[in-house]
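*Asks:* what would the 3D arrangement of this be:
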Amino acid sequence: MVDSTDRGLKASLKRAGSGAFRVLGTATASRRPMPDFMLIGTKRGGTTSFYYDILKEPQVITLFPSAKYLPKSNETKGVHFFDSNFGKGERWYRSFMPTRASRRRAEKIVGKPVVVGEASPYYMFHPLAAERAAAMVPDAKILVLLRDPVMRTYSHWKERRRSSAEPLEFEAALAAEDSRLAGEEQKLRNDPTYYSYAHEQQSYLTQSRYVRHLRKWYELYGADRILVVASEDYYGEPDEVMRQVAEFLGIDHATLPKGEHMNAAGGEGISPETRERLTSALADDTAELEALIGRKLPWH
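*Replies:* Residues are numbered from 1 along each chain as shown. Next up is the predicted model:
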């Protein structure tokens, strides 16, 4: 068993190390190109597993600093700049990116061009993220991982319950959603520094209406710069999906073990009646989404 003092020491070291690297990264921001890709959603869709599988491709390099320089087990996944941290400025965002020199060293090692990206699954839903990203990183490629929206909705609620952050039962939380979210999107639009816990964490059904949020990304980036993947396809055929991702990113695909479930809080336990009701409620959204992306999805 890990002693609480040891855990506290590790946490302190991690904070101190992260702070020092952030200062260094910000000071050298001009040498740090913007990301080549962003994984923008969806929350509870499998983005953690998906992103770390992308990192297994030899031509994909990590954000700065690498986990090997800090007392943590995994590489940094998301920066959450275009949603919650936009006020920290472009130099702060660039501080997470590898320098041009780091890229050149990585390219010498693998013998091919390298790419870097981040995964912040609140980007797709945040009302200002698409506009901010398009203005600052217009050439980035956009990855989207979408799960059966009913199961995503339930899993989102389960995650909040698991962390003791949601006092309401599932049906009650859905009933309270409109009142919890009332006016929050407008507050986010009016004040760039405003953060809404309800908008990010209690928008269970609203975040599952994918097409409403994804359409703006298509308008700003265009269909040729966006790849939508179904979570069910990724977990069912991870190697084939990663082959598609590699082609989209313009890199070679390496056949490696993929598809591991990380950070799971599944949809088990939802009643058939609730599932049927939510499926019906989301049917039009799914149909519009399929029209937008030009193909059928496995949960429809």
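*Asks:* gap between T28 and S95?
*Replies:* 8 Å (Cβ to Cβ, to the nearest Å). Where C-beta positions appear, they are placed from N, C-alpha and C, glycine not excepted.
*Asks:* V110 is in contact with P58, correct?
*Replies:* Yes. Counting by Cβ atoms under 8 Å, V110 is a contact partner of P58 at 5.0 Å.
*Asks:* of all residues in this structure, which one is nearest the centre?
*Replies:* The residue lying closest to the centre of the chain (Cα atoms, centre = their mean) is P121, at 2.6 Å.
*Asks:* and I61, backbone torsions?
*Replies:* phi -110, psi 160 (degrees, to the nearest 10).
*Asks:* which residues does it contact?
*Replies:* Contact partners of I61, counting by Cβ atoms under 8 Å, 6 or more residues apart in numbering, are 98, 102-103, 106, 114-116.
*Asks:* and the helices in the stretch 151-300 of the chain?
*Replies:* 170-181, 184-190, 197-201, 210-221, 231-236, 238-249, 272-293 (DSSP state H, counting those that start in this stretch).
*Asks:* what's the closest of those to R32?
*Replies:* helix 238-249 (19.1 Å; Cβ to Cβ).
*Asks:* helices and strands around the closest one, which ones?
*Replies:* For helix 238-249, the contact count by 3 or more Cβ pairs under 8 Å, 6 or more residues apart in numbering; DSSP states H and E identifies helix 47-54, strand 141-146, strand 226-230, helix 231-236 as packing neighbours.
*Asks:* let's see 10 Å
*Replies:* Contacts defined by 3 or more Cβ pairs under 10 Å, 6 or more residues apart in numbering; DSSP states H and E place helix 238-249 against strand 37-39, helix 47-54, strand 60-61, strand 115-119, strand 141-146, strand 226-230, helix 231-236.
*Asks:* mind listing what's buried along that helix?
*Replies:* Neighbour counts over helix 238-249 (16 or more other Cβ atoms under 10 Å) mark 238, 241-242, 245-246, 248-249 as buried.
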